[in-house]
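In: A structural model of the following input is requested.
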Amino acid sequence: MKKLLLACLAACVVQANAQDVKPLPPLPSPRQQEWADLEFYLFAHFGPNTFTDLEWGKGTEHEEVFNPSQLDCRQWCRIAKAAGAKGIIITAKHHDGFCLWPSKYSKHTVRESKWKDGKGDVLKELNEACKEYGLKMGVYLSPWDRNHPTYGTEAYNEVFINMMKEVVSRYGPYFEFWWDGANGEGPNGKKQEYDWKKFQETIRAIAPKTAVFSDIGPDIRWVGNEKGVAGATNWSLLDTAGFKRGHGAPENDTLNQGNVYGKNWIQAECDVSIRPGWFYHKEEDAKVKTPQQLFDLYLKSVGRNAALLLNVPPDRRGLFTEYDSAALVGFKQMRDKAFAHSLLADKTTSVQVAGKPTQLLADNKPTYVVADKGIWLAFTNAVRVNCIQLEEPVQMGQRVQSFKIELQLASGEKKTIDGTTIGRKRILTFSAETVKSITINITGSKATPLISEVKVFDIPDGILLK
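Out: Reported below is the predicted structural model:
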């Protein structure tokens, strides 16, 4: 009789007229949606700092200092693939100005080093390795240059533009182009007036499908910290008028949370290092984040409507160390165990919601249901639950401002979980409970609330931080 009742509830679903729902601008571009679907990828900080134990090089380091003994970008890619990362962004030029490719526009490059008798090219090797392993490649190019003699003059803006053209034409296409907003002194003691308008026009012309990162986009924004943590409230929307990159950017808490009525779709990216520092330092081998810590960062980045950019710095050999690789593989194993099976995929689950219930239970991003009447999930047998995942169809805009989840426990008691934004993906974890039903109510929305997917998990013990 109980199963029959649940079947009747599922059959008595109120059909929503989704055709009446209009998109709520601003909306993500195809370029931004393709980037967002990657979710997790690696950063590789590598250069003279690797060999000098500095984080910010001075630009005066002799080129001979860069000399990896066993550089193997294929090893980077093997480990990235095993970790479930979708790509690697390389620091092609950090603030010290050293270029990891033989640039025609600098005399401070791998060409002037002893590595491979000056014939090496890190970007070329990484490009080939990424293609071999089915990974995407991104590039970080700092406009600050503490070595270039023209830095601090108008001529340097053309140098930087030519470097952008050079790396795109030789090693592109890229999934992401990373602009650092740092702006300090050059070898002549002067700071540069960056021509960001021309930089942006150039990158749009030469790499129209590449998502571009900076404090204020245009495609991806900084999350406001280097801890890898997005705000529990996190809008993919940002107002950029009147703000600049670097000094003059929005306040960090604004970058962390976005603007509820922001004029631009600029989703957040959470950058964080697997170690205390960004470049390799041997004394940090014992300070690599654990798989459990990385999983917690995943929940606070990807699980809060952002992307996770995890830095894994190659060592002086030019390899990811065994400490980093072990943590990455353990992190992947935890994700696989945690999210292997949604309890809603069981045929013993009944769904009552405005719209077609099957649309919520399948990985089918374009479909969604109108959720203004709430979503009710009932189980034929009580189940252990400690994680709920919600998704909005972001191609229709980000709408939900607040929601409430009510767990009906097997004991007869109720447990309530309050949340704010959802966006592309929201993962909520809590102490495990034995649950008979789950009710999801949207308590605040800028327009008709839409939900594209709901998943419920029982994450095994030992994965979630206490």
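In: which element is Leu377 on?
Out: Counting by DSSP states H and E, the element that carries Leu377 is strand 375-391.
In: what helices or strands is that strand leaning on?
Out: helix 2-11, strand 349-353, strand 400-409, strand 426-445, strand 450-451, strand 453-457 (3 or more C-beta pairs under 8 Å, 6 or more residues apart in numbering; DSSP states H and E). Backbone N, C-alpha and C define where each C-beta goes, glycine included.
In: the spatially most central residue of the chain: what secondary structure?
Out: Compute the mean C-alpha point of the chain, and by C-alpha atoms, centre = their mean the closest residue is Ala307, 1.8 Å away. Secondary structure for Ala307, judged by DSSP: H, G, I helix; E, B strand; the rest coil, is strand.
In: beta partners for it?
Out: Glu269 (DSSP bridges).
In: Provide a list of residues in contact with Leu319.
Out: Going by C-beta atoms under 8 Å, 6 or more residues apart in numbering, Leu319 touches 70-72, 75-76.
In: which regions of the stretch 351-466 of the chain lie under the pLDDT threshold?
Out: 351-365 (pLDDT under 70).
In: verify the stated contact: Ser29 with Asp219.
Out: Yes - with contact defined as C-beta atoms under 8 Å, Ser29 counts as touching Asp219 (7.4 Å).
In: settle it for me: which of these two has more neighbours?
Out: Asp219 (22 against 14; other C-beta atoms under 10 Å).
In: please name the nearest non-neighbouring residue to that one.
Out: Of all residues not flanking Asp219 in the chain, Ala211 sits nearest, at 4.1 Å (C-beta to C-beta, 6 or more residues apart in numbering).
In: you'd agree Asn49 is in a strand?
Out: No - counting by three-state DSSP, Asn49 falls outside a strand, being helix.
In: walking through the stretch 101-250 of the chain, point out its strands one by one.
Out: In the stretch 101-250 of the chain, the segments counted as strands under DSSP state E, counting those that start in this stretch are 136-141, 176-178, 211-214, 220-222, 237-238.
In: name the helices or strands packed onto the first one?
Out: It stands for strand 136-141. strand 40-44, strand 87-93, helix 122-133, helix 154-171, strand 176-178.
In: could you redo the last one with a cut-off of 10 Å?
Out: helix 30-36, strand 40-44, strand 87-93, helix 122-133, helix 154-171, strand 176-178, strand 211-214 (3 or more C-beta pairs under 10 Å, 6 or more residues apart in numbering; DSSP states H and E).
In: the second one too?
Out: For strand 176-178, the helices and strands in contact under the criterion 3+ C-beta pairs under 10 Å, 6+ apart are strand 87-93, strand 136-141, helix 154-171, helix 196-206, strand 211-214, strand 220-222, strand 267-273, strand 306-311.
In: picking up where we left off before, closest one to Phe243 among the helices and strands packed on strand 375-391?
Out: strand 400-409 (23.6 Å; C-beta to C-beta).
In: which other helices and strands does the helix or strand just after the closest one contact?
Out: Later in the chain than strand 400-409, the nearest helix or strand by DSSP H and E is strand 414-419. Packing partners of strand 414-419 (3+ C-beta pairs under 10 Å, 6+ apart): strand 375-391, strand 400-409, strand 426-445.
In: go with 6 Å
Out: strand 400-409 (3 or more C-beta pairs under 6 Å, 6 or more residues apart in numbering; DSSP states H and E).
In: nearest to Glu391, out of the helices and strands packed on strand 375-391?
Out: Nearest to Glu391, of the helices and strands packed on strand 375-391 and by C-beta to C-beta, is strand 453-457 at 4.1 Å.
In: which of the contacts of Leu319 ranks first by neighbour count?
Out: Trp76 (28 neighbours).
In: may I ask which helix or strand encompasses that residue?
Out: Taking DSSP H and E as the definition, Trp76 sits inside helix 73-82.
In: the nearest residue to Gly181 once chain neighbours are set aside and Ile216, how far apart?
Out: Excluding the flanking residues, the one nearest Gly181 by C-beta to C-beta, 6+ apart is Gly246, at 3.1 Å. Counting by C-beta to C-beta, to the nearest Å, the separation of Gly246 from Ile216 is 10 Å.
In: who has more neighbours, these two?
Out: Ile216 (24 against 18).
In: how many residues are close by the spatially closest residue to the more buried one that is not a sequence neighbour?
Out: Computed as C-beta to C-beta, 6+ apart, the closest residue to Ile216 that is not its neighbour in sequence is Thr240, at 4.4 Å. Number of residues near Thr240 (other C-beta under 10 Å) recorded here: 19.
In: surely Lys337 and Gly462 touch.
Out: No - Lys337 sits out of contact with Gly462 when judged by C-beta atoms under 6 Å, with a separation of 9.3 Å.
In: identify the contacts common to those two.
Out: Common contacts of Lys337 and Gly462 (C-beta atoms under 6 Å, 6 or more residues apart in numbering): none found.
In: now do the one helix or strand Gln293 maps to against strand 306-311, angle only.
Out: Using DSSP H and E, Gln293 maps to helix 291-299. In terms of direction (axes from the mean of the first three to the mean of the last three C-alpha atoms, to 10 degrees), helix 291-299 departs from strand 306-311 by 140 degrees.
In: what does helix 291-299 contact?
Out: For helix 291-299, using C-beta under 6 Å, 6+ apart, the contacting residues are 228, 308, 327, 330-331, 334, 427, 463, 465.
In: narrow the residues you listed to those that are buried.
Out: Among the contacts of helix 291-299, the ones that count as buried by 16 or more other C-beta atoms under 10 Å are 228, 308, 327, 330-331, 334, 427, 463.
In: need the residues you listed in TSV (columns: distance to Glu391).
Out: TSV is the format used below for these (distance: C-beta to C-beta, whole Å):
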residue	distance to Glu391
Gly228	21
Leu308	17
Ala327	28
Gly330	26
Phe331	22
Met334	21
Ile427	10
Ile463	21
